[in-house]
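> Just to be clear, the model below is a prediction. Sequence and coordinates:
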Amino acid sequence: MRRVNLFVAVGLAAALLAPAGAAQETSGAGSVKSRFQPMACPTDVFPEGSTVDCGFVTVPENRAHPNGRMIRVAAAVMHASAPHPAADPIVFLAGGPSFGAISAFAVYAYFGGASYARDHDVVLVDSRGTGLSEPRLGCPEFDAASVAAFYSKPFINSRALAIYGSAIPDCRDRLAMSGVDLAAYSSAESAADLEALRTALGYRTWNLVAFSADGVLGLTYMRLFPGGIRSAIIDSGQSAQHLPGLDYARGLREELEAIFAGCAANTTCSASYPHMREVFYDLVDRLQAHPVTISFPDFLPDPLAIRLDGAGFYLDAVNEIFPGNEFAPDSIRALLSEIWRSAHGELAAVYRERFGTGPVVNDHVDDFLAQGKTMSYVCHDLVGFITLADLRQAARDVPALAPIFLGPNYDLANGDTNVTSPAGCRLWDVGVAASVQHQPVASAIPTLVLTGEYDTGVPPFIVRQIPPTLPNSFSYEFPAGAHGQLASYNNDSECARSIAGQFLRDPRERPNASCIASLPPFDFAP
């Protein structure tokens with residue numbers, strides 16, 4: 001179904017034209033010597049009996065103006081429980097985008113039960129603008145806009161452009177009027193914050209673990225401050241040079257093609273859904289030529305309808321790709337069934353099942369994802385580098401989405417609206433980073449790069465952009481893997497954690513990754 005909440009994790013985004021003026025990069029850690037000042041730890045995050053020190057460093061908001069406004073960057077040091085812990089801690093960046101690392105997710109799902117978390121201190125960092133850091137760049141306006149756009153008339157999201165066109169400047173103006181320098185919440189500034197924190201905590205070096213969207217920040221930190229990093233793990237991470245939206249579309253198309261090929265190679269699946277690829281793209285083409293209206297007469301509080309074209313149907317399909325984990329079954333086999341049914345007279349029934357009867361409510365995503373921070377760094381560091389030529393190439397690479405890529409208001413006027421898009425970033429207006437920010441990061445730091453075969457949070461297509469310029473890197477793709485190979489709930493986490501533990505003990509020695517061969521491939525049998 002069309003996603004009601006479209007700001008979780010990473011969504012489709014892109015840019016029309018790179019702004020004319022590029023910002024000068026700030027790479028220094030600042031002239032002010034930061035110290036780690038204690039603060040109370042949140043009471044609902046850490047297990048009873050654990051030893052944790054929480055605090056913050058005070059840093060310039062904009063290091064080009066070191067005597068200007070100061071901000072706080074929060075961190076929590078979870079001390080190792082081993083009697084003789086390693087001297088080099090782990091520093092964790094939680095992705096999101098703009099999700100604070102001082103969280104139950106980090107403590108229980110990501111590091112809980114991992115041997116390296118017992119052997120190393122783990123430093124959880126709420127990067128500037130997120131979590132417990134001050135100021136926090138939230139945009140609750142976006143949550144309200146999501147619900148309002150969904151309930152548009154005459155069709156779901158038909159007024160998305162106008163609604164988000166107001167919500168984005170409303171949040172921007174509110175934050176700017178409070179004194180926030182929105183252009184200062186960039187990856188380069190956040191990297192300098194990490195270096196200030198490392199120095200304040202007295203660590204000579206530490207091991208970087210960057211997850212998901214914070215691959216960009218982690219790689220930026222590796223580029224600007226390599227001396228303080230013993231090793232790096234990029235788990236399901238975005239590359240610094242990826243093209244938001246466009247590379248996601250390429251990656252999701254790659255996964256969809258793998259699903260069609262996997263079904264064709266499986267006797268039971270191919271018998272149930274013969275020529276599935278052709279069936280799917282034929283329906284996409286028919287819907288693009290002749291869009292349909294699907295009504296939801298029982299939706300609450302009022303009946304609704306959608307206008308569905310081929311691009312919309314394609315997006316809804318790729319958004320359903322999920323290989324399953326310990327808490328949720330896969331959606332891939334259901335997706336194959338839904339495509340087949342949709343192509344054989346049950347399109348309206350499939351969509352009514354997906355949408356249910358509502359109601360859609362404000363789920364307050366901004367409470368845990370600082371959407372203003374996301375706007376600032378994604379627009380400044382990523383979206384601004386995409387050109388019209390890039391969009392045209394993406395339209396050729398993923399023809400089903402050409403009407404969206406080449407549309408005049410990409411991507412505020414679609415069912416998969418994403419504010420970190422050309423139209424959204426023009427309204428946020430934070431300029432563009434120095435060109436080096438969007439180049440592949442070259443570094444000699446030993447690096448472990450992990451990705452999952454069916455990860456739609458950050459597709460392998462994007463993760464594979466990272467290792468070629470890292471000569472001391474080891475890269476592994478996990479069959480049937482989802483997002484976050486080191487998270488305990490993923491089916492491949494035991495193997496991934498074994499590899500990560502070996503790497504942390506000796507980052508220059510290739511780890512034994514033979515466990516990957518024992519992981520089962522995805523089973524396409526219906």
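Okay, I see it.
> for the chain, which helix is longest?
helix 246-265 (DSSP state H).
> mean confidence score for it?
Helix 246-265 carries an average pLDDT of 98.
> With adjacent residues omitted, what lies nearest to Ile321?
Thr456 (5.1 Å; CB to CB, 6 or more residues apart in numbering). The C-beta positions use only the backbone N, C-alpha and C, and glycine is treated the same way.
> ok, now how distant is the closest residue to Ser212 other than its chain neighbours from Ala80?
Nearest in space to Ser212, with sequence neighbours left out and distances taken as CB to CB, 6+ apart, is Gly95 at 2.9 Å. Distance of Gly95 to Ala80, given as CB to CB, to the nearest Å: 23 Å.
> Those two: which has the busier surroundings?
Shown here are Gly95 and Ala80; by other CB atoms under 10 Å, Gly95 has more neighbours (29 against 19).
> Could I get the contacting residues of that one?
Contacts for Gly95 were tallied using CB atoms under 8 Å, 6 or more residues apart in numbering; they are 9, 210-215, 237.
> Show me those that map onto strands.
Cross-referencing the contacts of Gly95 against strands under DSSP state E gives 210-211.
> Which among the contacts of Gly95 count as buried?
Buried members of the contacts of Gly95, counted by 16 or more other CB atoms under 10 Å: 210-215, 237.
> Surely the residue nearest to Ile321 is in contact with Leu256?
No. Taking contacts as CB atoms under 8 Å, Thr456 lies outside contact range of Leu256: 10.0 Å.
> With adjacent residues omitted, what lies nearest to Leu124?
The nearest residue in space to Leu124 (CB to CB, 6+ apart) is Ala101, at 4.0 Å.
> biggest separation within the buried ones among the contacts of Gly95, which pair?
Greatest spatial distance among these (CB to CB): Ala210 and Ala213, at 9.1 Å.
> coming back round to it: between Thr456 and Leu256, which contacts overlap?
Listed contacts common to Thr456 and Leu256 are 318, 321; contacts here mean CB under 8 Å, 6+ apart.
> Let me see the ranges of the strands in the stretch 101-250 of the chain.
122-126, 206-211, 229-235 (DSSP state E, counting those that start in this stretch).
> swap in the stretch 401-526 of the chain?
So, for the stretch 401-526 of the chain - with DSSP E, counting those that start in this stretch - the strands run 447-452, 473-478.
> how far does the last one sit from the chain's center?
On the basis of CA atoms, centre = their mean, to the nearest Å, strand 473-478 is displaced by 19 Å from the centre of the chain it belongs to.
> Name the residues that touch it?
446-453, 460, 464, 466-467, 485, 492, 495-496, 499, 503, 510-511, 513, 516, 519.
> just to revisit the earlier point, any idea which of the strands of the stretch 401-526 of the chain is most buried?
strand 447-452 (a mean of 26; mean count of other CB atoms under 10 Å).
> Quick check: which ranges of the protein have low pLDDT?
By pLDDT under 70, the weakly predicted segments of the chain are 1-32, 413-417.
> Out of the strands of the stretch 401-526 of the chain, which is closest to Pro85?
So among those, strand 447-452 is nearest, using CB to CB, at 20.3 Å.
> relative to strand 229-235, how tilted is that closest one?
Per axes from the mean of the first three to the mean of the last three CA atoms, to 10 degrees, the angle that strand 447-452 makes with strand 229-235 is 10 degrees.
> Could you check the angle strand 447-452 makes with strand 473-478?
Going by the same axes, to 10 degrees, strand 447-452 makes 10 degrees with strand 473-478.
> neighbours around the nearest residue to Pro297 once chain neighbours are set aside, how many?
Spatially, and ignoring its direct neighbours in sequence, Pro297 is nearest to Pro303 (4.9 Å; CB to CB, 6+ apart). For Pro303, the neighbour count with other CB under 10 Å is 10.
> which residue ranges form the helices in the stretch 351-500 of the chain?
Ranges of helices in the stretch 351-500 of the chain, per DSSP state H, counting those that start in this stretch, are 371-381, 388-397, 402-405, 422-428, 460-463, 493-505.
> possible to save those as TSV with distance to Pro47 and mean neighbour count?
Formatted as TSV, the helices of the stretch 351-500 of the chain follow (distance: least, CB to CB, whole Å; neighbours: other CB atoms under 10 Å):
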stretch	distance to Pro47	mean neighbour count
helix 371-381	28	29
helix 388-397	45	16
helix 402-405	45	22
helix 422-428	39	23
helix 460-463	31	23
helix 493-505	19	20
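> Nearest to Ser435 among the ones you listed would be which one?
helix 371-381 (11.1 Å).
> Ok, which of the strands of the stretch 101-250 of the chain comes nearest Met375?
Proximity to Met375, assessed across the strands of the stretch 101-250 of the chain by CB to CB, is greatest for strand 122-126 (17.4 Å).
> partners of that closest one, with directions?
Strand 122-126 has the following sheet partners, assigned by DSSP bridges: strand 70-78 (antiparallel), strand 90-93 (parallel).
> Redo those as TSV? Include mean neighbour count and distance to Ser272.
As requested, the strands paired with strand 122-126 are exported to TSV (neighbours: other CB atoms under 10 Å; distance: least, CB to CB, whole Å):
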stretch	mean neighbour count	distance to Ser272
strand 70-78	23	48
strand 90-93	28	43
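> Tell me which of these approaches Ser331 most closely.
Among the strands paired with strand 122-126, the nearest to Ser331 by CB to CB is strand 90-93 (28.0 Å).
> Identify all contacting residues around that closest one.
101, 106, 110-111, 116-117, 120-125, 127, 194, 197-198, 206-211, 214, 217-218, 504.
> hmm, 6 Å instead?
With CB atoms under 6 Å, 6 or more residues apart in numbering as the test, strand 90-93 has contacts from 101, 120, 122-124, 206-210, 214, 217-218.
> Tell me the one of the residues you listed nearest Ser187?
When these are compared against Ser187 (criterion: CB to CB), the nearest one is Leu217, at 5.1 Å.
> ok, so what distance separates the closest one from Tyr281?
Remark: distance between Leu217 and Tyr281 (CB to CB) = 37 Å.
> These two: who's more crowded?
Using other CB under 10 Å, the more surrounded residue of Leu217 and Tyr281 is Leu217, with 28 against 15.
> ok, that one - contacts?
93, 187, 190.
> Kindly report the same for Met70.
Shown in contact with Met70 (CB under 6 Å, 6+ apart): Thr58.
> Relative to Gln393, which of the strands of the stretch 401-526 of the chain is closest?
Per CB to CB, nearest to Gln393 of the strands of the stretch 401-526 of the chain: strand 447-452, 23.2 Å.
> burial count for Pro446?
22.
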